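Q: the following comprises the amino acid sequence and a computationally predicted model.
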Amino acid sequence: MPLPTGIDGKNRSDSLSTSLVNVINPTMTNEFVFGYTFVDFPNIYQDIDKLDRSAVGFNYRSIFNEDNKIPAFVNWGGGAPGMWMTGGFDPILFATKHLWTISDNVTKVVDTHTLKFGGFFGFVRNAQPGNANSNGAFVYANWSPRSTGNSLADLMTGRIADWTESTQNVVRDIAFKDIAFYAQDSWKATRNLTLEFGMRFQHLTPWKEQLGVGLVTWNESAYSNDPARLSDLTGLNWTARDGNVPLAGYPTRALLYAPRVGAAWDVFGSGNTVLRGGWGKFYYHDPQAGADTVDIAAGLRNTNVGGGPLLSSLSGIVPGTTRTSVSALDPNDNNQPNTSSWSATLSQRLPSRMLWEIAYVGNESNNLLNSGIANINLAPYGSMFNDPDGDANNFRPRGNFQDVNVLTHNFFQNYHALQTTLAKQTGSFNYTLAYTWSKAMGIRGSGQGQVSDQLNFRNNYGPLAYDRTHIFSATYVYTLPDFVQGNAFAKGLVNGWQISGITQLYSGVNLQANDNAGFDLNAPRPDDPTRTIGPTYINGTPAIAATPFVTCDPRQGLSDGQFINGSCFAAPIQGTNGTIIMPYMRGPAFFNSDLSLFKNFKFAESKELQLRFSGYLPQPPVADVYQWRSEPQPPAR
């Protein structure tokens with residue numbers, strides 16, 4: 001359903017940059033660069049009164065009652081409408097950003113050395129509220145405990161599956177600094193050998209809260225499970241509560257070291273065969289990591305009521321007695337994400353002015369943020385075996401909270417590829433052919449594939465959602481020969497035509513990484529055939545997805561238009577989950593080819609007309625067919 005009113009986003013940005021290059025002498029130059037950017041993203045409802053609960057007849061009160069807008073709602077059972085609203089309009093959803101950069105670089109040539117030195121200063125500040133639903137958000141479904149069995153009837157009678165609500169959102173005002181210096185030497189060691197050496201020294205601060213509240217950290221030893229201390233928020237600490245806690249939550253590392261080396265070798269001294277390679281390490285910053293930890297310190301409270309409550313029952317829940325979800329930083333984790341990148345390339349000139357290159361390219365990223373698998377307060381494995389339909393909140397080990405997301409830099413991923421190109425850029429026929437055979441592996445988390453196991457993040461290691469094993473592309477331009485001589489009009493009409501084209505072929509995506517972990521596993525429960533098995537029944541916790549057993553190779557025995565052999569899967573059984581990381585099942589390949597015939601007609605120095613005929617060969621439609629065997633099966637041995 002559409003919202004009763006539109007949203008205006010009166011966005012603007014202003015940017016200023018300047019540079020000064022000074023040639024000090026024939027062997028020395030200096031370049032100074034300054035830049036500043038301001039971004040303002042205010043979003044506001046055109047007529048907020050149309051969202052008032054009384055205006056649409058929604059007369060239920062909720063828990064905190066700090067926002068009188070109608071709640072967002074979504075139907076997970078089919079057959080009835082939903083209407084989603086982004087949180088954070090309290091009353092304006094905004095973001096203001098300031099970005100300052102200053103850099104200075106000096107280049108000096110000394111004999112066979114080209115030396116470079118430089119410094120960089122950057123400051124980034126971002127202020128914006130969170131997007132929790134202070135107006136409330138509920139899910140209704142015909143499978144919830146109090147359902148009538150009809151989703152529309154549930155909506156009309158206020159029978160829901162889940163309710164989430166927060167107090168009004170607070171402003172998250174955070175900033176970081178980046179101060180760096182580098183030195184680099186490009187040394188022409190011999191006539192056919194060049195060596196590169198460099199080091200970057202970097203002081204990269206974490207995000208720091210700017211209003212004196214501080215980012216929240218988690219201290220397990222300070223947590224108490226005593227229900228009488230629920231409102232004390234034990235286990236959490238921040239600057240305004242304890243002046244010894246830094247505004248960033250943890251101390252800044254004094255210095256980061258990022259070395260890099262490289263070499264280029266003209267093997268025979270003729271310029272026809274060149275071997276290049278290098279290795280470097282690079283540090284970079286988290287994208288607003290920990291910004292949401294400001295919320296709890298600044299007074300925001302967020303709660304979730306599961307287990308199928310009635311809308312009419314929410315007003316009976318007393319604020320301050322409900323458990324809240326929180327995000328916090330690890331006070332002992334001051335790591336920053338980094339990537340080590342390397343490559344080795346062989347370039348060979350071939351007859352007919354062709355150039356062939358083959359390269360091994362790889363990189364490894366470490367200390368990545370545990371996005372999507374940060375919750376340390378999930379129901380343990382097996383805890384809900386005797387009550388698979390119960391409220392998971394009642395099985396959390398830290399009973400005074402709901403979700404406790406502790407952000408830590410413990411993710412990693414890697415990429416390895418064989419890349420080769422063949423190019424010809426002279427003459428009447430120019431082309432570039434490129435092929436890559438690669439593998440992108442890592443921890444599947446937010447934005448990198450579906451999370452299967454939130455209790456042990458290493459169980460989610462596998463090919464990432466954007467992995468493509470084979471990538472081929474070709475671009476080409478052919479200038480047709482002159483067919484007509486003599487007659488000027490005929491020459492202008494017939495000669496000078498060109499043919500150009502682009503062809504692309506990519507292997508299909510990893511279907512499991514781009515779908516949910518269990519491929520919509522749907523099988524009846526042995527204890528109640530009217531219900532389907534799910535994570536709480538199979539694993540005793542919602543933290544581990546229920547995945548099917550793989551009983552044969554699902555990539556074999558496929559019918560036309562089929563990419564998964566559904567007969568190779570069987571439903572898991574209680575206490576024995578299926579396969580979390582399945583065999584690499586590829587979806588449909590991507591294919592595209594464009595071909596153009598064109599000619600340019602020049603009328604004057606500044607006037608030209610192009611006549612073009614184009615054709616396209618798009619990828620044909622495909623089907624993705626599989627089905628489940630519904631009866632539980634033991635794992636294949």
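A: That came in fine, so what should we check first?
Q: what does the spatially closest residue to residue 404 that is not a sequence neighbour show for phi and psi?
A: The shortest distance from residue 404 to any non-neighbouring residue, by C-beta to C-beta, 6 or more residues apart in numbering, is to residue 377 (3.9 Å). C-betas here are computed from N, CA, C, even on glycine. The phi/psi pair for residue 377 (degrees, to the nearest 10) reads phi -120, psi 40.
Q: enumerate every residue touching residue 377.
A: Residue 377 sits next to 396-398, 401-404 when contact means C-beta atoms under 8 Å, 6 or more residues apart in numbering.
Q: please pull out the lowest mean pLDDT helix or strand from this protein.
A: In the chain, the helix or strand scored least confidently by mean pLDDT, DSSP states H and E is helix 488-494, which has a mean of 75.
Q: how about the helix or strand following that helix: buried residues?
A: Scanning forward in sequence from helix 488-494 by DSSP states H and E, the next helix or strand is strand 498-506. Across strand 498-506, burial judged by 16 or more other C-beta atoms under 10 Å covers 500-501, 503-506.
Q: ok, now stretch 590-598?
A: In stretch 590-598, residues buried by neighbour count (16+ other C-beta under 10 Å) are residue 597.
Q: residues contacting that stretch, please?
A: With C-beta under 8 Å, 6+ apart as the criterion, stretch 590-598 contacts 497-506, 508, 610-619.
Q: helices of the stretch 1-150 of the chain, residue ranges please.
A: Along the stretch 1-150 of the chain, counting by DSSP state H, counting those that start in this stretch, helices occupy 53-56.
Q: for the protein, longest strand please?
A: If you go by DSSP state E, the chain has its longest strand at strand 171-190.
Q: show me which positions of it end up buried.
A: 171-178, 180, 182, 184, 186-187.
Q: mind putting those in a markdown table, pLDDT and distance to residue 289 included?
A: Output for the buried residues of strand 171-190, formatted as a markdown table (pLDDT from 0 to 100; distance: C-beta to C-beta, whole Å):
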| residue | pLDDT | distance to residue 289 |
| --- | --- | --- |
| 171 | 95 | 17 |
| 172 | 95 | 12 |
| 173 | 96 | 15 |
| 174 | 96 | 9 |
| 175 | 97 | 13 |
| 176 | 96 | 10 |
| 177 | 96 | 15 |
| 178 | 96 | 14 |
| 180 | 97 | 19 |
| 182 | 98 | 25 |
| 184 | 97 | 30 |
| 186 | 97 | 35 |
| 187 | 97 | 39 |
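Q: between those residues, which is nearest residue 56?
A: Sorting the buried residues of strand 171-190 by how near they are to residue 56, with C-beta to C-beta, puts residue 171 at the top with 29.0 Å.
Q: how about the closest one, what does it touch?
A: Residue 171 is in contact with 127-129, 211, 298, counting by C-beta under 8 Å, 6+ apart.
Q: tell me the first helix or strand C-terminal of the longest strand of the chain.
A: Following strand 171-190 toward the C-terminus (DSSP H and E): strand 193-204.
Q: off-centre distance for that following strand?
A: Its chain's average C-alpha position is 29 Å from that of strand 193-204, according to C-alpha atoms, centre = their mean, to the nearest Å.
Q: do the same with stretch 514-523
A: Remark: stretch 514-523 is offset 21 Å from the chain centroid, using C-alpha atoms, centre = their mean.
Q: that stretch spans what distance, first to last residue?
A: 22 Å (C-alpha to C-alpha, to the nearest Å).
Q: coming back round to it: for the contacts of residue 377, which one is nearest residue 24?
A: For the contacts of residue 377, the residue nearest residue 24 by C-beta to C-beta is residue 404; the value is 57.3 Å.
Q: residues near residue 547, how many?
A: Residues within reach of residue 547, counting by other C-beta atoms under 10 Å, total 26.
Q: ok, back up a step: of the contacts of residue 377, select the buried ones using a PyMOL command.
A: Buried residues among those (16+ other C-beta under 10 Å), as a PyMOL selection:
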select buried, resi 396+398+401+402+403+404
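Q: nearest to residue 515 among the contacts of residue 377?
A: residue 403 (24.2 Å).
Q: against residue 175, how distant is the closest one?
A: Applying C-beta to C-beta, to the nearest Å, the value for residue 403 to residue 175 is 26 Å.
Q: any idea how far the residue nearest to residue 404 lies from residue 515?
A: From residue 377 to residue 515 the distance is 27 Å (C-beta to C-beta).
Q: swap in residue 252?
A: Relative to residue 515, and taking C-beta to C-beta, residue 252 is found at 41 Å.
Q: what's the angle between the longest strand of the chain and strand 193-204?
A: Strand 171-190 runs at 160 degrees relative to strand 193-204, counting by axes from the mean of the first three to the mean of the last three C-alpha atoms, to 10 degrees.
Q: tell me the strands beside strand 171-190, with direction?
A: strand 113-129 (antiparallel), strand 193-204 (antiparallel), strand 208-209 (antiparallel) (DSSP bridges).
Q: what does the second one rub up against?
A: What it means is strand 193-204. In contact with strand 193-204 (C-beta under 8 Å, 6+ apart) are residues 176-189, 252-266, 278, 280, 283, 285, 336.
Q: buried residues in it?
A: 194-196, 198, 200, 202, 204.
Q: and those as a markdown table, adding pLDDT and distance to residue 223?
A: Output for the buried residues of strand 193-204, formatted as a markdown table (pLDDT from 0 to 100; distance: C-beta to C-beta, whole Å):
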| residue | pLDDT | distance to residue 223 |
| --- | --- | --- |
| 194 | 97 | 58 |
| 195 | 98 | 54 |
| 196 | 97 | 51 |
| 198 | 97 | 46 |
| 200 | 97 | 40 |
| 202 | 97 | 35 |
| 204 | 95 | 31 |
